[in-house]
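S.K.: Turn this into a model:
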Amino acid sequence: MASVITLTTDFGTGDAYVASMKGVILTINPKAVIVDICHSIEPQNVLQAAFILSTACRYFPEGAIHLAIVDPGVGSRRKAIVLKTPKAFFLAPDNGVLSYIIDELDTAPAKPAHHFSPGPEQRKLGAGFEAVAITNPDFWRKPASTTFHGRDIFAPVAAHLSLGTAIHKFGDSLSHVYAFHIPRPFRDNQGNITGCVLHIDNFGNLVTNIRSGDLPGERITVAIGKQHIDGISQFYAEKEGLAAIIGSSGYLEISLNNGSAAASLNARVGDEIKLGQ
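M.R.: The predicted model follows:
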């Protein structure tokens, strides 16, 4: 059985870590189709991995298996989990790296927030989710390293899952998993919106948590720090200097023509963005 398995890690490409995981997968399922989403996540940056995974996984076929291995707590008591959603499977440490996946499918109303929660918190899984802790060593490589669960636990479990193994075979069911509370934009009584930077991409664009449907109108001003941007551009090269644009992920971005908006503004993830008319 052929199946798509994606990899998102902070391993980089200068070592053999990623290749080792692929070798384990292909040994168990030689027909697996392995796709690299990203291996240049900043070391231990769980939130960055969570965002990048969420923007890519939606474009894969139904039933795809997504491994997200950014794991500062490897070898500790943190759980390793399999999460099943209506369209895909996700394997990851239970440390918040699946926050956007859980947040996007959670139908419970969320209060607007300007900033990320300081750490992941346990969240009860809603309808459509199924999760297990990976506790059955029958599916692990042996001996399993305490420092490389990506190779010895996650990779073989993903391969067995791609061959049709039911997720309950891997361990005990979970009703809660850890997730960060993803900030939602806040709209005041005048229609002004306060949001924040979710992600800074490789080009230095500031990706915010404000979506196209959140915009208060056609004629708006975007403020970040002391800088103000008038209107929304249609493409990156439309104007000189800083620009606001709805990017391919559907979020409002702040960009700089032929430059890095992040460097120009000395911006960071979590910085406040304001929209007014």
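S.K.: neighbours around Ile232, how many?
M.R.: Other residues near Ile232 number 18, with proximity taken as other CB atoms under 10 Å. C-beta coordinates here come from the backbone N, C-alpha and C atoms, glycine included.
S.K.: Same question for Pro86.
M.R.: By other CB under 10 Å, 10 other residues sit near Pro86.
S.K.: Need the per-residue pLDDT for the residue lying closest to it once chain neighbours are set aside.
M.R.: In space, and not counting its chain neighbours, Pro86 is closest to Gly128: 5.0 Å by CB to CB, 6 or more residues apart in numbering. Note for Gly128: predicted pLDDT of 86.
S.K.: try the one 5 residues further on
M.R.: Listed pLDDT for Ala133 reads 98.
S.K.: give the contact list for it.
M.R.: Ala133 sits next to 79-81, 94, 171-172, 174 when contact means CB atoms under 8 Å, 6 or more residues apart in numbering.
S.K.: Distance check, the residue nearest to Pro86 against Val197.
M.R.: Remark: distance between Gly128 and Val197 (CB to CB, to the nearest Å) = 29 Å.
S.K.: From the contact counts, what lies against the host helix or strand of Ala19?
M.R.: Secondary structure assigned from DSSP states H and E places Ala19 in helix 17-28. In terms of contacts (3 or more CB pairs under 8 Å, 6 or more residues apart in numbering; DSSP states H and E), helix 17-28 is packed against strand 4-9, strand 33-38, helix 155-162.
S.K.: which of those sits most buried?
M.R.: Ranked by mean neighbour count under mean count of other CB atoms under 10 Å, the helices and strands packed on helix 17-28 are led by helix 155-162, which reaches a mean of 25.
S.K.: for that one, the distance to its chain's centre please.
M.R.: Chain-centre distance of helix 155-162: 21 Å, with CA atoms, centre = their mean, to the nearest Å.
S.K.: by how many degrees do it and strand 33-38 diverge?
M.R.: Relative orientation of helix 155-162 and strand 33-38, computed by axes from the mean of the first three to the mean of the last three CA atoms, to 10 degrees: 130 degrees.
S.K.: Could you report the pLDDT at Asp103?
M.R.: With respect to pLDDT, Asp103 scores 86.
S.K.: Next up, identify which helix or strand it is on.
M.R.: Secondary structure (DSSP H and E) places Asp103 in helix 99-105.
S.K.: Buried residues in that helix, which are they?
M.R.: Within helix 99-105, the residues that count as buried by 16 or more other CB atoms under 10 Å are 99-103.
S.K.: Check which helices and strands that helix sits against.
M.R.: On a contact count with 3+ CB pairs under 8 Å, 6+ apart, helix 99-105 meets helix 46-57, strand 176-179.
S.K.: could these go into TSV alongside distance to Pro118?
M.R.: Formatted as TSV, the helices and strands packed on helix 99-105 follow (distance: least, CB to CB, whole Å):
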stretch	distance to Pro118
helix 46-57	11
strand 176-179	13
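S.K.: So which of those is nearest Ile134?
M.R.: The closest of these to Ile134 is strand 176-179. By CB to CB, the value is 12.4 Å.
S.K.: what residues does the closest one touch?
M.R.: If you take CB under 8 Å, 6+ apart as the criterion, strand 176-179 is touched by 81, 83, 94-96, 98-99, 102-103, 120-125, 131.
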